[in-house]
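> A structural model of the following input is requested.
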Amino acid sequence: MLEDPLPNVVTHMFAQPFTVSLLGSMLVHDYETHRHLLGVGVLAVRLAATAGLTRDGALALGQAALFHDIGKLHIDAALLSAARPLDEREWYVMREHSEIGERMLRARGAANLARIVRGHHERIDGSGYPDGLRGSAIPWPTRLLAVADAYDCLRAGRPYAPPVEHHAALERLDAARHLFDTDAVEALVTTLEPREATTAIS
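Here you go, the predicted model:
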């Protein structure tokens, strides 16, 4: 297990030369997505420590998390903040963000991050996107990112959905075993509730 990752890994998480420009652009484009990127980035590093990733693995996961929705820079901000159900065309546009983000990172020489970012909406049962990967075909870091992403979304809420209390969010993720990796969810519980990890979710 990675020991005490926050002082070192989180600091280096912001070391990519394009970090300031991309996150600064997102801050202007859509504040909530900017907040979400930061929140998921820090949570992913904590999750990496629990999941036993190496320091390099934790850094890669943290950086990928920091940029996982960066493709939304190319999606209309009005669509990102729409407080209504999206129609089929709008969902198609929204779902493009993971592939756009992958291309943006590859263009900046960060292929290792791009691979993780591309798959953060893949789901264990194959119902995710963009590739419909199933089970272990989804890389382990990507499965961890998917759980961190979903937890932050639940806790913060969305324009179309109210925020969910901490324990309720964990229960929803646990109930969605067909979507999220069970070991990744358990690692999240251990990360957020280390003293209760043995009994929080059975």
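> which residue packs closest to R134, ignoring adjacent ones?
Leaving aside its chain neighbours, R134 sits nearest to G126 (3.7 Å; criterion: C-beta to C-beta, 6 or more residues apart in numbering). Heads up, the C-betas are built off the backbone N, CA and C, glycines and all.
> Please verify my assumption that the one you found contacts G132.
Yes - between G126 and G132 there is a contact under C-beta atoms under 8 Å: 5.2 Å.
> Contact partners for the residue nearest to R134?
G132, L133, R134, G135 (C-beta atoms under 8 Å, 6 or more residues apart in numbering).
> Buried ones among the residues you listed?
In terms of neighbour count (16 or more other C-beta atoms under 10 Å), the buried residues within these are L133.
> nearest to A107, of the contacts of G126?
When the contacts of G126 are compared for distance to A107 (C-beta to C-beta), L133 wins out at 23.0 Å.
> which SSE is that closest one in?
Counting by DSSP states H and E, there is no helix or strand that carries L133.
> On the pLDDT front, check it for me.
With respect to pLDDT, L133 scores 98.
> do the same with the one 5 residues further on
Reading off the per-residue confidence, I138 sits at a pLDDT of 98.
> can you check the one 10 residues further on too?
Reading off the per-residue confidence, A148 sits at a pLDDT of 98.
> Could you list which residues are in contact with the residue nearest in space to the middle of the chain?
With distances taken as C-alpha atoms, centre = their mean, D149 lies nearest the centre of the chain, 3.3 Å away. Residues in contact with D149 (C-beta under 8 Å, 6+ apart) are V40, A65, H68, H120.
> Try it again at 6 Å.
Applying C-beta atoms under 6 Å, 6 or more residues apart in numbering, one finds that D149 lies in contact with V40, H120.
> Repeat that for G128.
So, once contact is read as C-beta under 6 Å, 6+ apart, G128 ends up touching H121, E122.
> Now do the SS call for it.
Here G128 is coil, with the state taken from DSSP: H, G, I helix; E, B strand; the rest coil.
> Give me the phi and psi for it.
Phi and psi for G128, reported as degrees, to the nearest 10, are phi -80, psi -170.
> can you give me the end-to-end distance of stretch 119-133?
8 Å (C-alpha to C-alpha, to the nearest Å).
> Only the buried residues of it, if you could.
Residues of stretch 119-133 classed as buried: G119, H120, H121, E122, R123, I124, G128, Y129, L133 (neighbour count, 16+ other C-beta under 10 Å).
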